[in-house]
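# Output the structure for:
(one chain, ligands or ions: 1)
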Amino acid sequence: MAAAASLPLLQFSAHSLQPKLPTNKKFRPTFVDPLSPPASSSKSNWSCRNFAVIRCAYDSNGDGRGPGSGGGGVEDGAKSVEKIIEEKRRAELSARIAAGEFTVEKSGFPSVLKNSLLKLGVPKDILEFLFGKIGAADDYPKIPEAKGSVSAIRREAFFIPLYELYLTYGGIFRLTFGPKSFLIVSDPSIAKHILKDNSKAYSKGVLAEILEFVMGKGLIPADGEVWRVRRRAIVPALHKKYVAAMISLFGQATDRLCRKLDEAASNGEDVEMESLFSRLTLDIIGKAVFNYDFDSLKVDTGIVEAVYTVLREAEDRSVAPIPVWEIPIWKDISPSQKKVNAALKLVNDTLNDLIAICKRMVDEEELQFHEEYMNEQDPSILHFLLASGDDVSSKQLRDDLMTLLIAGHETSAAVLTWTFYLLSKEPSVLAKLQNEVDAVLGDRFPTMEDLKKLKYTTRVINESLRLYPQPPVLIRRSLENDMLGEYPIRRGEDIFISVWNLHHCPKRWEEAERFNPERWPLDGPNPNETNQDFSYLPFGGGPRKCVGDMFASFETIVAVSMLVQRFNFQMAVGAPPVQMTTGATIHTTQGLKMTVTRRMRPPIVPTLEIPAVRSDSSVNVSDISTAPDQKSEVSPSVS
Ligand code: HEM
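As a prediction, the model looks like this:
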């Protein structure tokens with residue numbers, strides 16, 4: 001995971017700038033994407049049509065009736081007026097984009113001069129020579145540029161307007177706000193170039209600056225030599241035997257959540273699933289990374305609150321209009337900053353204690369370190385790192401642990417939240433999922449062998465990650481001049497790779513907005529960036545691809561399967577509309593309020609059949625999807 005995007009600069013300018021109308025309306029952007037409409041009068045309609053398509057992606061009811069249709073009375077009326085106004089505002093925005101209002105295209109003075117001289121009869125060879133000397137870059141096409149005020153678009157999750165702009169400007173365009181500009185990339189081949197083929201020429205840029213206070217030089221923000229050394233140390237810790245051992249941890253943690261839901265179901269209480277998923281994944285990652293049980297599903301201890309204070313601060317900073325935390329006096333007197341500093345201190349002190357405890361354990365151990373080393377009592381990543389003799393400062397180790405805690409917590413929680421939201425909209429998918437789970441698991445906890453057979457469950461998660469990628473945008477900064485497609489770019493460009501746009505591209509995906517797990521054949525390979533040619537990037541790609549992809553896949557499969565095994569999930573009556581907002585990942589604006597009911601099946605008494613830690617190194621994520629057709633393999637339901 002990585003924080004979605006820093007828009008401080010963007011929002012700051014939004015307040016201070018008015019739109020700049022193009023001086024010459026004849027100029028049109030250079031379209032680099034087949035999606036872009038022809039420059040004709042039908043363009044406006046074209047854009048609006050596509051705008052309607054994305055609207056349904058975050059319509060809380062998915063039925064076109066919009067937010068609040070589950071409620072009633074005056075409230076509903078007010079909400080629908082609000083919705084009409086919102087729709088009008090967005091339709092206007094689409095029309096303005098389509099009309100070229102945001103377009104500024106420079107033709108390049110040298111090119112104009114050269115053409116004029118050519119027309120005056122100056123020989124072409126001489127001009128080529130002269131203009132070659134003064135820099136030929138101006139002969140390259142210009143990146144289409146969107147420019148203006150974001151006042152019309154700043155109320156929503158920022159990646160939505162980026163999608164609308166993409167439909168107009170194509171797979172790469174420049175978004176300029178006053179002195180700041182960003183390149184927005186939505187073209188798979190350009191994404192591949194930046195993330196993989198020429199990844200050395202790009203850093204984490206603005207992301208590293210924002211996350212410094214909490215992650216220091218941890219793996220996500222780190223660049224250069226620090227990143228290389230730490231990646232080499234950390235990746236081996238997530239070996240197959242470790243991930244396999246985590247499956248029982250995922251099962252136990254999900255079981256605790258099930259008990260909580262069981263209680264709510266008995267009392268007829270609705271539950272807010274987003275915060276419960278957040279607690280579930282916090283409990284899991286604490287144990288998995290440094291063998292600490294936050295037990296946040298049960299209790300709100302000081303440390304749990306401190307972790308959330310720090311996480312919220314990281315998210316707030318990524319979307320803050322002004323970096324107030326950098327103002328020297330402010331950071332000492334502001335109550336909220338004081339709270340953040342105190343929380344950060346508590347988390348750091350706790351991590352230091354855990355490191356000290358683990359060091360003692362390792363010292364007392366009769367160590368025989370090898371590739372798939374794992375301490376049975378404490379299989380955590382921290383234990384592996386210390387046992388491996390990793391030569392690292394305690395500050396760096398703390399940064400790494402903190403990074404893993406944040407990276408592995410928010411993302412998985414968001415995936416579960418949006419998966420259950422999608423399932424609540426598609427009862428037929430939920431039913432099919434439950435059939436598979438019943439057939440494969442019966443009433444058991446999932447084992448590694450089961451994961452191979454839970455193919456439809458895996459496809460549901462693949463599809464959820466397509467519709468709601470976490471994070472929706474990847475951030476980079478160019479470290480040198482480069483070519484992106486046909487466009488030259490300079491060192492120091494801030495780049496947002498919009499995974500959201502890649503995953504929602506209507507040319508690439510049939511019925512792009514539809515939640516359709518069937519689009520991924522059960523007997524096909526597990527979809528990833530390589531076999532989807534960078535048009536699907538659930539875990540990024542290239543050398544900085546997620547180190548926890550297998551961990552996260554197993555974690556979410558276990559959680560989803562165990563939850564639907566025992567419960568049905570529906571949006572609660574009168575639940576607030578489910579809309580998106582951006583932090584490090586995509587959150588809901590007001591939570592995911594659901595009614596959970598026990599499934600009408602013969603009573604299930606879960607048997608805690610925790611499998612012994614396996615060293616079956618032949619099983620991995622790709623095995624899940626390449627295993628033979630489940631129909632011929634499913635074990636009968638055990639009840
Ligand atoms: C479903 C859950 C997850 C999703 C969707 C996800 C997604 C991603 C993505 C897209 C990236 C690439 C970021 C970029 O290129 O800028 C990434 C990087 C990373 N992820 Fe995950 N992640 C998940 C779970 C986890 C877990 C469980 C862990 C740890 C156990 C983890 C640790 C990391 C780390 C350390 C990086 C940075 C790698 C580097 O820069 O070398 N992630 N993740």
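
# Check whether M594 sits in a helix, strand or coil.
Assigned state for M594: strand (three-state reduction, DSSP: H, G, I helix; E, B strand; the rest coil).

# I figured it hits L416, correct?
No. Between M594 and L416 no contact is recorded; they are 12.0 Å apart, counting by C-beta atoms under 8 Å. Every residue, glycine included, has its C-beta placed from N, CA and C.

# which residues do these two both contact?
Taking C-beta atoms under 8 Å, 6 or more residues apart in numbering as the criterion, M594 and L416 both touch M273.

# Now G408. Nearest residue, chain neighbours left out?
I285 (4.3 Å; C-beta to C-beta, 6 or more residues apart in numbering).

# Give me the average confidence score over whichever helix or strand that neighbour is part of.
Element membership for I285, per DSSP states H and E: helix 273-290. For helix 273-290, the mean pLDDT works out to 96.

# and L405, how many neighbours does it have?
The local packing of L405 (other C-beta atoms under 10 Å) involves 26 other residues.

# quick one: contacts for it?
The contact partners of L405, by C-beta under 8 Å, 6+ apart, come to I285, G286, V289, F290, V307.

# can you redo those residues as JSON lines with neighbour count?
Below are the contacts of L405 laid out as JSON lines (neighbours: other C-beta atoms under 10 Å):
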{"residue": "I285", "neighbour count": "26"}
{"residue": "G286", "neighbour count": "25"}
{"residue": "V289", "neighbour count": "26"}
{"residue": "F290", "neighbour count": "26"}
{"residue": "V307", "neighbour count": "23"}
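
# Serialize those to JSON lines and add fields for distance to H193.
Listed next are the contacts of L405 as JSON lines, based on distance: C-beta to C-beta, whole Å:
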{"residue": "I285", "distance to H193": "32"}
{"residue": "G286", "distance to H193": "38"}
{"residue": "V289", "distance to H193": "33"}
{"residue": "F290", "distance to H193": "37"}
{"residue": "V307", "distance to H193": "37"}
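
# Pick out whichever of those residues sits closest to R566.
Ranking these by separation from R566, with C-beta to C-beta as the measure, puts I285 on top at 23.1 Å.

# What strand or helix carries the closest residue to P236 other than its chain neighbours?
Setting aside the residues directly before and after it, P236 is nearest to E371 in space (C-beta to C-beta, 6+ apart), at 7.0 Å. When elements are assigned from DSSP H and E, E371 belongs to no helix and no strand.

# Can you pull out the low-pLDDT segments for the stretch 101-250 of the chain?
For the stretch 101-250 of the chain, the stretches flagged by pLDDT under 70 are 101-112, 115, 132-139, 148-155.

# Which stretches in it count as strands?
Using DSSP state E, counting those that start in this stretch, the strands assigned to the stretch 101-250 of the chain run over residues 145-147, 172-177, 180-185, 202-203.

# Remind me what the shortest one packs against, helices and strands.
With contacts taken as 3 or more C-beta pairs under 8 Å, 6 or more residues apart in numbering; DSSP states H and E, strand 202-203 sits against strand 473-478.

# for the strand it packs on, packing partners?
Strand 473-478 packs on strand 202-203, helix 206-215, strand 494-498, helix 499-504, going by 3+ C-beta pairs under 8 Å, 6+ apart.

# which one is V340 nearest to, not counting chain neighbours?
Nearest-residue entry for V340: E313, 4.6 Å, with adjacent residues in sequence omitted and distances by C-beta to C-beta, 6+ apart.

# and the one you found, what is it in contact with?
Contacts here follow C-beta under 8 Å, 6+ apart; on that basis E313 touches F213, V214, V340, A343.

# Let's test this: what are the backbone torsions at it?
In this entry, E313 is assigned phi and psi values of phi -60, psi -40 (degrees, to the nearest 10).

# what about the residue of the stretch 51-200 of the chain found nearest the ligand, how many neighbours?
When C-beta to the nearest ligand atom is the measure, the stretch 51-200 of the chain has its nearest residue to the ligand at L195, with 6.4 Å between them. Using other C-beta under 10 Å, the number of residues around L195 comes to 23.

# and the nearest residue to it once chain neighbours are set aside, what does it touch?
Residue nearest to L195 in three dimensions, not counting chain neighbours: G542, with 4.0 Å by C-beta to C-beta, 6+ apart. Counting by C-beta under 8 Å, 6+ apart, G542 makes contact with K192, L195, K196, D197, S199.

# Try it again at 6 Å.
When the contact criterion is C-beta atoms under 6 Å, 6 or more residues apart in numbering, the partners of G542 are L195, K196, S199.

# Secondary structure class of V564, three-state.
helix.

# and the residue of the stretch 451-600 of the chain found nearest the ligand, how many residues sit next to it?
As assessed by C-beta to the nearest ligand atom, the ligand sits closest to G548 within the stretch 451-600 of the chain, at 2.3 Å. G548 has 22 neighbours, counted by other C-beta under 10 Å.

# Grab the nearest non-local neighbour of it.
Looking at G548 with C-beta to C-beta, 6+ apart, the closest residue is G408, at 5.2 Å.

# do V499 as well
With sequence-adjacent residues excluded and distances taken as C-beta to C-beta, 6+ apart, V499 is closest to P469, at 4.2 Å.

# E493 now?
If you skip the residues right next to it in sequence, E493 has S478 as its closest partner in space, 4.5 Å away by C-beta to C-beta, 6+ apart.

# Out of the contacts of E313, which comes closest to the ligand?
V214 (13.7 Å).

# Report pLDDT for the closest residue to that closest one other than its chain neighbours.
Distances taken as C-beta to C-beta, 6+ apart place A314 nearest to V214, at 5.2 Å, with adjacent residues excluded. On the pLDDT scale, A314 is placed at 82.

# hmm, stretch 251-259 in reach of the ligand?
No. Stretch 251-259 stays out of contact with the ligand when judged by C-beta under 6 Å from any ligand atom, the minimum separation being 13.1 Å.
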